[in-house]
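Chemist: Pasted the sequence and its predicted model underneath.
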Amino acid sequence: QVQLVESGGGLVQAGGSLRLSCAASGLTFSRYTMGWFRQAPGKERESVGYISWTGGSTWYPDYVKGRLTISRDNAKNAVVLQMNSLKPEDTAVYYCAAVLRRDTATPAEYAYWGQGTLVTVSS
């Protein structure tokens, strides 16, 4: 049974930083591209980036580029989202997700999802 478990969310002031972690189990982690997504109240789920299963290359959308960094440790079956210079509009539930052997930012293409962790950025 595949499980993805996020941790590290919380309340932070604007301009601050948070580090989210995602622990994976029940899958051959190195074969999966790991994505991070967020969903704010009343909004659709959107990508904040992913890290490829092939060599760890990353992709970020323009609205987070330069502020968020994704890394992975295949030996620990873990992926990390480092968030800096946070803004109130970054407030959302953040999810990690896994897709087998493809690089994509489309939520519907991800097979496995964590339960999410809430990030609140105060102004």
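Modeler: Ah, there it is. Numbering: from 1, shown residues only.
Chemist: The residue most central in space within the chain: what's it in contact with?
Modeler: What sits nearest the mean C-alpha location of the chain, by C-alpha atoms, centre = their mean, is residue 36, with 2.2 Å. Residue 36 makes contact with 20, 22, 47-50, 68, 70, 79, 81, 94-97, according to C-beta atoms under 8 Å, 6 or more residues apart in numbering. Bear in mind the C-beta positions are built from the backbone N, C-alpha and C, glycine included.
Chemist: And for residue 68?
Modeler: Contact partners of residue 68, counting by C-beta under 8 Å, 6+ apart, are 36, 48-49, 60, 81-84.
Chemist: got it, and residue 92?
Modeler: For residue 92, the contact set (C-beta under 8 Å, 6+ apart) comprises 38-40, 43, 118-119.
Chemist: I'd like to know which of these is nearest to residue 102.
Modeler: Within these, proximity to residue 102 (C-beta to C-beta) peaks at residue 38, which comes in at 20.7 Å.
Chemist: and that closest one, that one's in a strand?
Modeler: Yes: the assignment for residue 38 (DSSP: H, G, I helix; E, B strand; the rest coil) places it in a strand.
Chemist: Which strand residues bridge it?
Modeler: Per DSSP bridges, the residues bridged to residue 38 are residue 46, residue 94.
Chemist: wait, doesn't it sit right on residue 48?
Modeler: Yes: taking contact to mean C-beta atoms under 8 Å, the distance of 5.5 Å between residue 38 and residue 48 places them in contact.
Chemist: Quick check: neighbours shared by those two?
Modeler: Between them, residue 38 and residue 48 have residue 94 as joint contacts when contacts are counted by C-beta under 8 Å, 6+ apart.
Chemist: coming back round to it: would you convert the contacts of residue 92 into JSON lines that also reports neighbour count, pLDDT and distance to residue 105?
Modeler: Output for the contacts of residue 92, formatted as JSON lines (neighbours: other C-beta atoms under 10 Å; pLDDT from 0 to 100; distance: C-beta to C-beta, whole Å):
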{"residue": "38", "neighbour count": "19", "pLDDT": "98", "distance to residue 105": "12"}
{"residue": "39", "neighbour count": "15", "pLDDT": "98", "distance to residue 105": "14"}
{"residue": "40", "neighbour count": "14", "pLDDT": "97", "distance to residue 105": "17"}
{"residue": "43", "neighbour count": "9", "pLDDT": "96", "distance to residue 105": "16"}
{"residue": "118", "neighbour count": "12", "pLDDT": "98", "distance to residue 105": "22"}
{"residue": "119", "neighbour count": "22", "pLDDT": "98", "distance to residue 105": "19"}
